[in-house]
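Asks: Structure for this input, please:
(one chain, ligands or ions: 2)
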Amino acid sequence: MDVNQRIESQLKENPVLLYMKGTPDFPQCGFSGQTVAALKEVGKPFAFVNIFEDPEIREGLKAYSNWPTFPQLYVNGELIGGCDIIVEMYRSGELHTLLNGEEAGA
Ligand SMILES: N[C@@H](CCC(=O)N[C@@H](CS)C(=O)NCC(=O)O)C(=O)O
Ligand code: FES
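Replies: Numbering: from 1, shown residues only. Ligands and ions are numbered 1, 2, ... in the order given. Prediction:
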């Protein structure tokens with residue numbers, strides 16, 4: 001499998017997937033840490049890939065998504081954004097809406 005196929009299969013298997021530095025319990029960069037904190041507040045389960053453990057994905061994902069930095073949050077295979085976007089969506093309530101669908105605002 002080449003790197004694009006690996007990325008596609010990860011995205012297919014995980015409807016909410018965060019590519020990050022470190023793990024949710026031990027983020028190894030503040031940008032990944034802030035993003036994890038927002039996701040944890042919303043409280044829906046999410047999968048992650050620690051790009052420090054996978055240099056091929058680290059470089060391949062930048063080309064795949066045309067987005068040069070981490071974290072990168074994907075929902076249903078679609079890139080939602082990095083730290084700035086996710087934190088802003090958390091503050092505005094959009095992240096909750098995105099991850100909870102109709103339950104949002106209930
Ligand atoms: N403004 C970015 C901040 C993220 C960022 O600058 N990430 C850098 C430093 S952690 C990065 O991933 N650089 C590429 C690399 O480390 O491969 C965001 O909103 O996500
Ligand atoms: S690892 Fe240095 S800013 Fe993220």
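
Asks: Which residues are in contact with whichever residue of the chain sits closest to ligand 1?
Replies: Residue of the chain nearest ligand 1, by Cβ to the nearest ligand atom: Gly82 (2.4 Å). For glycine as for every other residue, the C-beta is placed from the backbone atoms N, C-alpha and C. Going by Cβ atoms under 8 Å, 6 or more residues apart in numbering, Gly82 touches 31, 35, 67, 69-73.

Asks: Just the ones of those residues in helices?
Replies: 31, 35 (DSSP state H).

Asks: which stretches of the protein have low pLDDT?
Replies: For the chain, residues meeting the criterion pLDDT under 70 lie at 102-106.

Asks: How about it: which residue is closest to ligand 2?
Replies: Cys29 (3.2 Å).

Asks: ok, that residue - contacts?
Replies: 20-22, 70.

Asks: Can you tell me which of those residues end up in strands?
Replies: Met20 (DSSP state E).

Asks: mind exporting the helix or strand hosting Ile57 as PDB, just the C-alpha atoms?
Replies: Here Ile57, judged by DSSP states H and E, is contained in helix 55-65. Listed in PDB are the C-alpha atoms of helix 55-65, where the atom choice follows Å, rounded to 0.1, in the frame of the first residue of the first chain:
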ATOM      1  CA  PRO A  55       7.200   9.800   9.300                       C
ATOM      2  CA  GLU A  56       5.700   8.500   6.000                       C
ATOM      3  CA  ILE A  57       2.300   9.700   7.000                       C
ATOM      4  CA  ARG A  58       3.700  13.000   8.400                       C
ATOM      5  CA  GLU A  59       5.000  13.900   4.900                       C
ATOM      6  CA  GLY A  60       2.400  12.100   2.900                       C
ATOM      7  CA  LEU A  61      -0.600  13.800   4.600                       C
ATOM      8  CA  LYS A  62       0.700  17.300   3.900                       C
ATOM      9  CA  ALA A  63       0.600  16.500   0.200                       C
ATOM     10  CA  TYR A  64      -2.600  14.500   0.400                       C
ATOM     11  CA  SER A  65      -4.500  17.400   2.100                       C
END
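
Asks: ok, residues contacting that helix?
Replies: 3-4, 6-7, 19, 49, 51-52, 67-70, 72, 79.
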